[in-house]
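K.L.:
After the sequence you'll find the predicted model.
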Amino acid sequence: MGKRESFVSNLLRIEVQEDNDSIVAYWSGKSVDRNPGKFITPILVGLLNKSSDLKKQIILDFQQLDYMNSSTITPVIKILERAKRGKAQVTVLYKKLLKWQDLSFSALEIFQTRDKRVEIKGLQ
Amino acid sequence: MKRSMRLAVKAKWGEIEKIRNKSSRFLESHGLTSDSVQALTMVISELIENSMKYGKFTPQKNKVTVDIHVDEDIVIAEIINPIDETAYKHLKELDKTIQWIRGYQDPFQAYAERLKTVSKKPLSDEESGLGLTRIAYEGKAILDFFLGEDDLLNVSAVANF
């Protein structure tokens, strides 16, 4: 069992689980703050730094997320863009059966790298 | 059953979640699928967020009005908020963005362009600028606006479902 840390802001919860070879951020609830980046960006930057120091894969798991405003997408895509330009291995997981998740997250495939180092994956 | 719903709420960020819930229930009561309700509620939320961000509110004019109308196969959402002359620059941006989105045959292309642009901005930049393109792409809605009497800005989204 690895380390687990919880971060909560308003209706959004991000649980970070660190294991031997990966760091998973489980998102749940709703992200509806006016400036969600203030809460999300430091968490994602922390994950990116840790993953490059410890050579661990980052998994952003959005399957349990009920809603996010467009301001929430901003810090996520900024991190994907930086991961794409760097060496980190980042996988985004979403629930393909939820239409809104499918539309929102499949659009992020534009940040995918050919070698799938950055990967956007819809799960059934 | 009433086909229209009007809500007038104080321009406080915390009110948005209440409007989201009421809008969802109203749309569900008209038999829309849960996917359509999700998409349309997102459209309404994004428009209200914009109205609260860019509206100019005073103690006398401190409300955002939300009108939702359900017809045979379309839903029209109108969000009305006060502005003043200091917001005219924002109106030009709004007009430019709506015209720019309409220039794309497939709204996904506009959304993808926006995603690429925004992703390259500094992490500290809090401006999102994704809301309108997200409405066009995920909500499959057509956006429009007009400035009415008394400097009331009316932004509408028309979506087929």
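P.N.:
Here it is on my side, so go on. Numbers count the residues shown, from 1 in each chain, chains lettered A, B, ... in the order given.
K.L.:
Can you show me the strands along chain A?
P.N.:
Applying DSSP state E to chain A gives strands spanning A:3-9, A:12-18, A:22-31, A:57-68, A:90-95, A:118-123.
K.L.:
what do you get for chain B?
P.N.:
For chain B, the strands defined by DSSP E occupy B:4-10, B:63-70, B:74-82, B:141-147, B:152-160.
K.L.:
from those strands, which stretch is densest packed?
P.N.:
Highest mean neighbour count of those: strand B:74-82, a mean of 22 (counted as mean count of other C-beta atoms under 10 Å in any protein chain shown). Placement of C-beta: from N, CA and C, glycine included.
K.L.:
pretty sure residue A:64 is touching residue A:15, no?
P.N.:
No: with contact defined as C-beta atoms under 8 Å, residue A:64 does not reach residue A:15; the gap is 9.5 Å.
K.L.:
joint contacts of these two?
P.N.:
Counting by C-beta atoms under 8 Å, 6 or more residues apart in numbering or on different chains, the shared contacts of residue A:64 and residue A:15 are A:26, A:28.
K.L.:
check contacts around the closest residue to residue A:8 other than its chain neighbours.
P.N.:
Spatially, and ignoring its direct neighbours in sequence, residue A:8 is nearest to residue A:14 (7.8 Å; C-beta to C-beta, 6 or more residues apart in numbering or on different chains). Shown in contact with residue A:14 (C-beta under 8 Å, 6+ apart): A:6-8, A:25-27, A:40, A:43.
K.L.:
again, but for residue A:117
P.N.:
For residue A:117, the contacting residues are A:83, A:87-90, by C-beta under 8 Å, 6+ apart.
K.L.:
repeat that with 6 Å
P.N.:
residue A:89 (C-beta atoms under 6 Å, 6 or more residues apart in numbering or on different chains).
K.L.:
What of residue B:104?
P.N.:
The contact partners of residue B:104, by C-beta under 6 Å, 6+ apart, come to residue B:110.
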